[in-house]
Structures are given as C-alpha cells and as structure tokens.
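[1] make a model of this:
(chains A and B)
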Amino acid sequence: MTSVLYDAPGPRAKRRNIIYTVAFLVLLVLGIWWAMGEMSDKGQLEWSLWKPFTEAEAWTTYLLPGLGNTMKAAALAMIIALPLGAIFGIARLSDHRWIRVPAGTVVEFFRAIPVLILMFFANELYAGFDGISSDVRPLYAVVTGLVLYNASVLAEVVRAGILSLPKGQSEAAKAIGLRKGQTMTSVLLPQSVTAMLPALVSQLVVIVKDTALGGALLAYTELLSAQGTLAANYANTIPSFIVVALIFIIVNLILTTFASWLEGRLRRAKRGTGAVLAAPGGAEEPVAEPGLGKTDDGRGA
Amino acid sequence: MFDFLEGYDLLGAFWMTVKLTVLSGIGSLVLGTVLAGMRVSPVPLMRGFGTVYVNVVRNIPLTVIIVFSSVGLADVFGMTLGAADDFDALAFRLAILGLSAYTAAFVCEAVRSGINTVPVGQAEAARAIGLSFTQVLMTIVLPQAFRSVIAPLTNVLIALTKNTTVAAAIGVAEAALLMKEMIENEAQLFLITAVFAFGFVVLTLPTGLILGWVGKRMAVKR
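    Modelled structure (predicted):
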C-alpha cells in the first residue's frame, strides 16, 4: 500500500521497513510473552478455567440470557428513541420559533448529560412507583436513560438526514402545491430514512455498549453482570472477561460492518437522491454535530 | 431550598470528574496520536496493530474495560500502579488507565481523519524536497492535521467528560457516584438531578464553545 506520506519503498526504504517490522515484532512478542507469563503465574491459563466455555451450561445459564437482556434493552431503547428523535428532529426544523427553540434546548440539554446520570434518575424515579416491581425496574431504568439520551442524538441524525436531501425535493413538493406537513411526511421523511439508515445502525452500537452501565451499576442482568455471576461460579475472572469482551466485539463488528455495507449500497444505488448520512467513524459517541456526519447532497441520479 | 446539599462534597466530586477528564485526556491524546502514526506508517505490521487496537477497543463497552481494570488487572494480576495500600488512589489510577486506553481509539480515528484532510500536495512537496517519512509527518502533516482536528477532538473530549461517570462502577468518588448516594438518601430527586445535570452542562458547554471557537480560528483556510 502506498500513501501520500511516503513513496513506494526503494531498496533502502525496504531494508529499513524490514528492520522496523522486526523491531516492532520483537516488542509485540515480548509484550504477549509477558502477558502470557503473568496469566500462567496467576493460573489463568489452566484448562479447567476455560473448559466451561466449551460446555453448554455456561452459555445457556449465564452468557446467552445475559446477551439476550443486552439486546432486549438495546432494541427497546432504539424502538422508543427513534420516533421521539424524529419528532424532535423535525421540530428543530420548524418554521415557528416557539417550536424550534424549545426543541433545540431539550435536545442540547440531554446530549450534554451523561447517560449514567439519566439512568440513576430513572431508577430512583421508578422506585417511587408501586406499580413497577423491583424485578423490571432496572430494565425500565436502563431503557429510560438510553431513550432520553439517544432520542436527542437521533434527533440530530434525523435533522441532518432531512437537510442532506437536495433542495429540489422540497421545492418540487411546494411547486405541486403540497403543504409543509405533506412535504415532510410524503416527500422528505421517506427519502431521508434511507439516507439515515447507516447512521442509525451505528448508533445501535453505542446503545449496545451503554447497556453495560446497567449491569455494572443498576443490577440489570445483562452480559457484563452475567460475567460477574459466571466468574463467581467457575472462579475464572480473566477467561470470562475475555469471552464476554469477544461477544461484545463480535456483535458490534457485525453491526458496524452492516452499517458500512448499507452505506456503500446506498451510495451506489441508482435510484433515490444519492443523499447518504455516513456512519460516523464506526461507533463514536458524539455522533451528529450537524454537518459533521458527511452529507453529499445533490449527487442525484 | 438547597439545604439538602449540606454534608455532601459536591465541588469535590466535580473536581474529581475534572481531574479524571484532564488526566485521561492527556493520556489518550498521547496514546491516540502514537496509534494514528502507526496507522499511517509504511510498516504493515504497525498499521495492522493500530487497526486491530482501534477495532477491538471501540467495540468493547467502556464499562467492561473499567470493571476489568479493577477486577482483572488489580485483583487478579495484583497491579498496584504505585498505590498498593491506598484503595481510593488505586481506583482513581485504574480509571484513568481504562479511560485513556478506551478514548485513545477515538482520538486515533480523529487524528487520522485530520491527516486525511491535509492536501496531497503538501506531503508531495515535502517529499520532493527530500524529507523522510518521520520529517514529513512531524513537520508538515501533523501540525496541519492537528489544526483541522480540533473540532472532532473537542467532541471526543466532551464524550470523555461524560464517560468519566463510568468510573463510579469501581468506586471512584466522582460526580455520578455522589449523585447515586444523594438520591438514595435525600427526597429531592428532581432537584438533585437538576444540580448534577447543570454541573455537567457547565463542564461540557464551555469546552464546546471555547474549543469550537479555537478550532475555527486555527483551521487552515483552504
């Protein structure tokens, strides 16, 4: 691979690159060697600690229910946050100041606050209601916190998605006599949904990662807390952490790959306006500074 | 009206949040820049290492990393980070370690995107006058990249400020942990939440405004 930073390597550069490669390889091997040494010192490489993961029990009792709860909270949060986000995103584009400004304030407020603060708040709030039993309270609290935060993030995604459409779309809608509401619901929103899809999928990665907060601090029995009980049962802290981390990595990699596949597909698509909201850097938290999500407007078919 | 605040060290907790943010901000900036250098380097092995690091770390929840640093690194491997007897100091240092390692992946991606904004001609001209890769990177590309990278780095810093609350999971006495304690003991749930929300708005809003302004001023006009 060549880059603008350096030429295709000549004989001397090739030799130098080989030296760097070897030096870095030595460092890397030493690092792995040291880590493995520490692992075996503490007995974490014993087969008996890894064996549970080859048997069904660890998976059916701990890991899969944990993963299921992680996905349940993430899916609920996404499903509830999306319409809320759409409402606030559209409200921020309103022609009326008295709608635009409050909607903007709410969105900016919830984006500035850590999710954990919102989860703590929801948890304590629900503790005051008798109708919510303590079994489901952690789930409700986690989902509420995630919804409040992600609805405001998604509001920005929706807004950027609508703004990414070519101006001709709303002009044409006006020209054939549609009202503002009709323009939004039958022209702009349907088209922007496809443009937003990649950004939505990568926001799902952020949501999945944030559910782990519920496991660590709100006693929600998701994947991370499943690791806790699993490690307590088999006394295999390090192996179980590695397995749980791998599960998170695999799930999120699938989502990110899906997002970039969608993005590429939409960019290549012949039909539609060609407006695509990029999946921002794979999975970064501060998703949508308006205009930060790359928008290619007007590259129409 | 605010007498429920008595007996709680609100400022101390937010000061802890600020300390976590600044120290892990510095740590992740250094580590992230090194990783970004690796990801654009001519050595394939370094590029591969950088790519794997970024893709692994940013797909693991920060909570898992922080809890692992305490339960795994400290309890199992006996890592003390120079604070063997002081439990609070150890948790604080472990939190900084975890936050830096996690945030570095995002800093790396931001810096790399900054490197991509530097026009090809700049690097070509630098190579034409005979500068080596390191010289091209250090004297031509990175100084320009950092100036255009202030805006995305600001977003990373704001996310980091909010992410320091995760340190509550290993008992670091920062704002979120104090809030948890306060809402369990006091009746004014909404007021307490508003106070802490306001605290975070005070921390993140000026960061965004000031650095946004700096970023606009510093950005290379092209």
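
[2] which residues sit in contact with the closest residue to residue B:187 other than its chain neighbours?
    Spatial nearest neighbour of residue B:187, chain neighbours left out: residue B:4 (7.7 Å); criterion: CB to CB, 6 or more residues apart in numbering or on different chains. (C-beta placed from N, C-alpha, C; glycine too.) Residue B:4 makes contact with B:182, B:186-188, B:191-192, according to CB atoms under 8 Å, 6 or more residues apart in numbering or on different chains.

[3] and for residue B:174?
    With contact taken as CB under 8 Å, 6+ apart, residue B:174 is in contact with B:13-14, B:16-17, B:20, B:164-165, B:167-168.

[4] how about it, nearest residue that isn't a chain neighbour?
    Excluding the flanking residues, the one nearest residue B:174 by CB to CB, 6+ apart is residue B:16, at 4.2 Å.

[5] kindly give a single PyMOL line that selects the buried subset of the contacts of residue B:4.
    Buried residues among the contacts of residue B:4 (16 or more other CB atoms under 10 Å in any protein chain shown), as a PyMOL selection:
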select buried, chain B and resi 182+188+192
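
[6] okay, and which of the contacts of residue B:4 map to helices?
    Among the contacts of residue B:4, the members falling in helices (DSSP state H) are B:182, B:191-192.

[7] specify which member of the residues you listed is nearest to chain A.
    Distance to chain A, by CB to the nearest CB, is smallest for residue B:192 among the ones in helices among the contacts of residue B:4, at 8.6 Å.

[8] now do the contacts for that closest one.
    Residue B:192 makes contacts with B:4, B:179, B:182-183, B:186, as judged by CB under 8 Å, 6+ apart.

[9] mind checking how far it is from residue A:129?
    Using CB to CB, to the nearest Å, residue B:192 is found at 18 Å from residue A:129.

[10] equivalent analysis for residue A:158, please.
    Distance of residue A:158 to residue A:129, given as CB to CB: 31 Å.

[11] which of the two has more residues huddled nearby?
    The neighbour count for residue A:158 versus residue A:129, taken as other CB atoms under 10 Å in any protein chain shown, is higher for residue A:158 (27 against 10).

[12] skipping adjacent residues, who's closest to that one in space?
    With sequence-adjacent residues excluded and distances taken as CB to CB, 6+ apart, residue A:158 is closest to residue A:89, at 3.0 Å.

[13] which element is that neighbour on?
    Secondary structure from DSSP states H and E places residue A:89 in helix A:64-91.

[14] residues in contact with the next helix or strand along the chain from that helix?
    As assigned by DSSP H and E, the chain's next helix or strand after helix A:64-91 is helix A:97-112. When contacts are defined by CB under 8 Å, 6+ apart, helix A:97-112 is touched by residues A:88, A:91-94, A:118, A:148-149, A:151-153, A:155-156, B:158, B:162, B:197, B:200-201, B:204-205.

[15] try 6 Å this time
    Helix A:97-112 is contacted by residues A:88, A:91-92, A:94, A:148-149, A:152, A:155, B:201, B:204 when judged by CB atoms under 6 Å, 6 or more residues apart in numbering or on different chains.

[16] same thing with stretch A:76-84?
    Under the criterion CB under 6 Å, 6+ apart, residues A:143, A:146-147, A:150-151, A:154, A:204, A:207 lie in contact with stretch A:76-84.

[17] same deal with stretch B:92-105?
    Outside stretch B:92-105, the residues that touch it by CB under 6 Å, 6+ apart are B:23-24, B:27-28, B:31-32, B:54, B:57-58, B:62, B:65-66, B:69-70, B:74, B:81, B:83, B:160, B:167, B:172.

[18] among these, which ones are buried?
    Counted by 16+ other CB under 10 Å, those give B:23-24, B:27-28, B:31-32, B:54, B:57-58, B:62, B:65-66, B:69-70, B:74, B:160, B:167, B:172 as buried.

[19] residues from chain A in reach of chain B?
    A:4-6, A:17, A:20-21, A:24, A:38, A:42, A:112-114, A:116-117, A:120-121, A:124, A:209, A:212-213, A:216-217, A:224, A:237-238, A:241, A:245, A:248-249, A:252-253, A:281, A:283-286 (CB under 6 Å from any CB of the partner chain).

[20] on that earlier part again, from the contacts of residue B:192, pick the one nearest chain A.
    Distances from chain A to those, taken by CB to the nearest CB, are shortest for residue B:183, at 4.5 Å.

[21] spit out the contact partners of the closest one.
    By CB under 6 Å, 6+ apart, residue B:183 lies in contact with A:124, B:189, B:192.

[22] okay, now the first one: neighbour count?
    Taking other CB under 10 Å as the criterion, the count of residues near residue A:124 is 20.

[23] before we move on, what about the second one?
    For residue B:189, the neighbour count with other CB under 10 Å is 17.

[24] quick one: average pLDDT of the helix holding residue A:89?
    For helix A:64-91, mean pLDDT rounds to 93.

[25] what comes up buried for it?
    Of the residues in helix A:64-91, A:66-67, A:69-70, A:73-74, A:76-78, A:80-82, A:84-86, A:88-91 count as buried by neighbour count, 16+ other CB under 10 Å.

[26] what kind of secondary structure is residue A:52 in?
    Secondary structure for residue A:52, judged by DSSP: H, G, I helix; E, B strand; the rest coil, is helix.

[27] so how far is chain B from it?
    Look at residue A:52 and chain B: by CB to the nearest CB, to the nearest Å, they are 17 Å apart.

[28] I figured that residue hits residue A:234, correct?
    Yes. With contact defined as CB atoms under 6 Å, residue A:52 counts as touching residue A:234 (5.0 Å).

[29] and residue B:216, what pLDDT?
    We note a pLDDT of 83 for residue B:216 in this prediction.

[30] which strand or helix spans it?
    Counting by DSSP H and E, the element that carries residue B:216 is helix B:189-218.

[31] go through that helix and flag the buried ones.
    In helix B:189-218, counting by 16+ other CB under 10 Å, buried: B:189, B:192-193, B:195-197, B:199-200, B:203-204, B:207-208, B:211, B:215.

[32] stretch B:140-152 now?
    Neighbour-count burial for stretch B:140-152 flags B:140-142, B:144-145, B:147-152 (criterion: 16+ other CB under 10 Å).

[33] need those in JSON lines with distance to chain A and secondary structure, can you?
    Below are those laid out as JSON lines (distance: CB to the nearest CB, whole Å; DSSP: H, G, I helix; E, B strand; the rest coil):
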{"residue": "B:140", "distance to chain A": "9", "secondary structure": "helix"}
{"residue": "B:141", "distance to chain A": "7", "secondary structure": "helix"}
{"residue": "B:142", "distance to chain A": "10", "secondary structure": "helix"}
{"residue": "B:144", "distance to chain A": "12", "secondary structure": "helix"}
{"residue": "B:145", "distance to chain A": "11", "secondary structure": "helix"}
{"residue": "B:147", "distance to chain A": "17", "secondary structure": "helix"}
{"residue": "B:148", "distance to chain A": "13", "secondary structure": "helix"}
{"residue": "B:149", "distance to chain A": "12", "secondary structure": "coil"}
{"residue": "B:150", "distance to chain A": "13", "secondary structure": "helix"}
{"residue": "B:151", "distance to chain A": "8", "secondary structure": "helix"}
{"residue": "B:152", "distance to chain A": "8", "secondary structure": "helix"}
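
[34] looking at those residues, which is nearest residue B:125?
    residue B:140 (8.0 Å; CB to CB).

[35] you'd agree the closest one is up against residue B:126?
    Yes. Using CB under 6 Å, residue B:140 is in contact with residue B:126, at 4.3 Å.

[36] would you map the helices across chain B?
    Under DSSP H, chain B gives helices at B:10-39, B:44-57, B:62-68, B:87-117, B:120-128, B:133-135, B:142-148, B:150-163, B:175-185, B:189-218.

[37] using CSV, lay out those helices together with distance to residue A:200.
    Rendered in CSV, the data for these read as follows (distance: least, CB to CB, whole Å):
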stretch, distance to residue A:200
helix B:10-39, 27
helix B:44-57, 21
helix B:62-68, 21
helix B:87-117, 20
helix B:120-128, 33
helix B:133-135, 39
helix B:142-148, 27
helix B:150-163, 19
helix B:175-185, 28
helix B:189-218, 24
